[in-house]
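Colleague: take this sequence and fold it.
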Amino acid sequence: PNFLIIITDQWHPRCFSYARHPIVRTPNIDSLAIGGINFSRVYSPQPLCMPTRASLFTGLTPRGHGVRMNGIPLNPSIPTFTEALRQSGYFTYCSGKIHLNSSNTPNDIPLESLDPNKYPESSRLWREGKIKDLPLPYYGLQEIDLCNGHGHGSVGHYETWLKSEYPDKAHLFYDHVECEKSSPAKTLFNRQSYKWALPAELHPTTYIADRTVNFLNNTKEKRGSQPFCAMCSFGDPHSPFAPPAPYCYDYDPADVPPPLSREGELDDLPPHFRAMVEQDVMTSGNKSQAMNATAPYYAECAAHYYGVISLVDEQVGRVMDALRKNELDENTVVIFLADHGEALGDHGLWGKGPYHYDSVIRVPFLINWSGKVESGMVHDGVCSLLDFAPTLLDIAGVPIPEGELPGSTEAPGAPSPWPGRSLLPVLTGEDKSTDTT
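Modeller: A predicted model of the protein is given here:
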């Protein structure tokens, strides 16, 4: 079968209407949950973007692939599921965020002295025009419409397109122009909040969906019966929480439910929790800003976060419409997931770590497979995003790639090269050993 993988970034696991959130509306994503199987207890191996994305591509833990935090590039010699599919005859494509290499470049080194080949996803090198394309195949991807980053920090082919096609609107992007005067929350690091004047049709999330739709519209003409693996990788709803109109008006802050908290909980936790809430502490997920600075603006930030979710949900609907209109839905496995969660004020915290609350490490994971997966299933057994790559290759009938190996192993019973397990038996109903309803 074909694969359509819809990846989102930093999605709070309760922020779906199918998950019974009191006000968030996600009708298109709900359709995926209703039409397939909802794995309700899937956890990220590491709640930061690059480590988890490296795990998605390689099937390995952060210890296994070496990307233990953001900024460490994934070694291109490590086998990926995309390269395994490519070598097996699949056409591999990605629209949107990849983030397998650092977005930054070394400090205090002039750009002109850097080798762009060493920093293929550098925001500065893309923005300065020193990189115009990624080297292909890129970790097994044969075609890419890159849109790395988030909101007004988006770079790649998207930025090139915006400047070229809409030069009169580009200032709305670069100057972070607001629909109306924002609150001081606009200056907060990990939860910037404002109503963005950039038209919705020019938003990075819309661009990512547009490119995916274009791929689906042309795949039969260009590739005939060749199977494909298409990744639609949104950078949202990661901060900045800056929805464009009309989505920025979709939710009233007065209706936002309170975050999860417990009286005196900071007294029971290790001291770094209180430090992150009350002091300007630098961590891997927060750049030296006390998280209680956001408390006065919690409802506004959450309402804008929900607005970005509504934009993503609408674009998911457009992509699914294109799949159906091109009669590809009957032979395409659709997977919807997030790389990690968002604290969104729960326990006084924002962003993604270093902490392991449910809102940060549990992620949505939905699979639709027409004629193969029973509709409306909920699987409550504990799973991991490490199960994603082995599941996908098992469905495709492609062996797990192991890289360079000797002709034979010296000991019998060698463990699997990847620590995750294929969920295919759960999908087909053969494995009922874990909690399934």
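
Colleague: and the contacts of stretch 311-325?
Modeller: Stretch 311-325 has contacts (CB atoms under 8 Å, 6 or more residues apart in numbering) with 4, 6, 8, 25-29, 31-32, 200, 203, 205-206, 208-209, 212-213, 216-217, 232, 234, 236-237, 243-244, 247, 329, 332, 334, 336. (Each C-beta comes from the backbone N, C-alpha and C, glycine too.)

Colleague: how far off centre is it?
Modeller: 16 Å (CA atoms, centre = their mean, to the nearest Å).

Colleague: next, the buried residues of that stretch.
Modeller: 311-317, 319-320, 322-323 (16 or more other CB atoms under 10 Å).

Colleague: and these, which is closest to Glu374?
Modeller: Nearest to Glu374 among these, counting by CB to CB, is Met320 at 19.1 Å.

Colleague: now that closest one: phi and psi?
Modeller: phi -70, psi -40 (degrees, to the nearest 10).

Colleague: where exactly do the strands run in the stretch 101-250 of the chain?
Modeller: Secondary structure of the stretch 101-250 of the chain by DSSP state E, counting those that start in this stretch: the strands cover 143-148, 155-156, 228-237.

Colleague: just the buried members of the contacts of stretch 311-325?
Modeller: Neighbour-count burial within those applies to 4, 6, 8, 25-26, 28-29, 31-32, 200, 203, 205-206, 208-209, 212-213, 216, 232, 234, 236-237, 243-244, 247, 329, 332, 334, 336; the criterion is 16+ other CB under 10 Å.

Colleague: picking up where we left off before, between the strands of the stretch 101-250 of the chain, which one is closest to Glu165.
Modeller: Proximity to Glu165, assessed across those by CB to CB, is greatest for strand 143-148 (13.7 Å).

Colleague: and that closest one, what does it pack onto?
Modeller: strand 91-96, helix 123-127, strand 155-156, helix 157-165, helix 204-223 (3 or more CB pairs under 8 Å, 6 or more residues apart in numbering; DSSP states H and E).

Colleague: tell me which of the ones you listed lies nearest to Pro73.
Modeller: Nearest to Pro73 among the helices and strands packed on strand 143-148 is helix 123-127 (13.9 Å), distances taken as CB to CB.

Colleague: go through stretch 146-166 and flag the buried ones.
Modeller: 146-162.

Colleague: measure it end to end?
Modeller: End-to-end distance for stretch 146-166: 18 Å, by CA to CA, to the nearest Å.

Colleague: show me what it is in contact with.
Modeller: By CB under 8 Å, 6+ apart, the residues outside stretch 146-166 that reach it are 9, 95-99, 103, 121, 123, 126-127, 132-134, 144-145, 169-170, 173-174, 176, 192, 196, 202, 204, 207-208, 235-236, 238-240, 242.

Colleague: over to stretch 57-74?
Modeller: 45-46, 48-51, 54-55, 75, 78-82, 100-102, 104, 139-140, 284, 386, 388-390, 400, 417-420.

Colleague: end to end on it, go ahead and measure it.
Modeller: Using CA to CA, the end-to-end distance of stretch 57-74 comes out at 10 Å.

Colleague: what's the answer for stretch 260-274, then?
Modeller: Per CA to CA, stretch 260-274 runs 16 Å from first to last residue.

Colleague: average pLDDT for it, rounded please.
Modeller: If you average the pLDDT over stretch 260-274, you get 93.

Colleague: quick check: buried residues in that stretch?
Modeller: In terms of neighbour count (16+ other CB under 10 Å), stretch 260-274 has its buried residues at 260, 266, 273-274.

Colleague: only the buried residues of stretch 59-67, if you could.
Modeller: Using 16+ other CB under 10 Å as the burial criterion, the residues of stretch 59-67 that qualify are 59-62, 64-67.

Colleague: narrow the residues you listed to those in helices?
Modeller: In helices, defined here by DSSP state H, the members of those are 62, 64-65.

Colleague: okay if I get these as JSON lines plus pLDDT?
Modeller: Putting these into JSON lines (pLDDT from 0 to 100) gives the following:
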{"residue": "Pro62", "pLDDT": "96"}
{"residue": "Gly64", "pLDDT": "95"}
{"residue": "His65", "pLDDT": "97"}
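
Colleague: okay, those in a markdown table with distance to Cys15 next?
Modeller: Formatted as a markdown table, these follow (distance: CB to CB, whole Å):
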| residue | distance to Cys15 |
| --- | --- |
| Pro62 | 26 |
| Gly64 | 30 |
| His65 | 29 |
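
Colleague: ok, so of the residues you listed, who is nearest Tyr251?
Modeller: The closest of those to Tyr251 turns out to be Pro62 (CB to CB; 34.9 Å).

Colleague: ok, back up a step: so which of the buried residues of stretch 311-325 is the closest to His304?
Modeller: Leu311 (10.8 Å).

Colleague: distance of Ser55 from Asn218?
Modeller: Applying CB to CB, to the nearest Å, the value for Ser55 to Asn218 is 31 Å.

Colleague: who has more neighbours out of the two?
Modeller: Neighbours per residue (other CB atoms under 10 Å) separate Ser55 from Asn218, with Ser55 holding more: 28 against 11.

Colleague: identify the residues contacting the more buried one.
Modeller: Going by CB under 8 Å, 6+ apart, Ser55 touches 45-46, 61-62, 65, 385-386.

Colleague: now the two most distant members of those.
Modeller: Distance extremes for those: the farthest pair is His65 and Leu385 at 12.8 Å, using CB to CB.

Colleague: show me where the stretch 201-350 of the chain has its helices.
Modeller: 204-223, 265-268, 271-278, 298-325 (DSSP state H, counting those that start in this stretch).

Colleague: how far does the second one sit from the chain's center?
Modeller: Chain-centre distance of helix 265-268: 31 Å, with CA atoms, centre = their mean.

Colleague: so what touches that helix?
Modeller: For helix 265-268, contacts defined as CB under 8 Å, 6+ apart pick out 273-274, 277, 347-348.

Colleague: ok so, going back, closest to His340 among the ones in helices among the buried residues of stretch 59-67?
Modeller: Closest to His340, out of all of these and judged by CB to CB, is Pro62, at 12.2 Å.

Colleague: the closest one - nearest residue in space that isn't next to it in sequence?
Modeller: Leaving aside its sequence neighbours, Pro62 sits nearest to Pro51 (CB to CB, 6 or more residues apart in numbering; 4.4 Å).

Colleague: test my guess that Asn368 contacts Val333.
Modeller: Yes - using CB atoms under 8 Å, Asn368 is in contact with Val333, at 7.2 Å.

Colleague: dump the residue contacts of Tyr298.
Modeller: 256, 259, 345.

Colleague: before we move on, what about Leu423?
Modeller: Counting by CB under 8 Å, 6+ apart, Leu423 has contacts 39, 367, 383, 387, 391.

Colleague: my guess is the first one contacts Arg362. True?
Modeller: No - Phe39 lies out of contact with Arg362 (CB under 8 Å); the separation is 10.4 Å.

Colleague: so which of these two has more stuff around it?
Modeller: Higher neighbour count among Phe39 and Arg362: Phe39, with 25 against 22, using other CB under 10 Å.

Colleague: cool, thanks, talk later.
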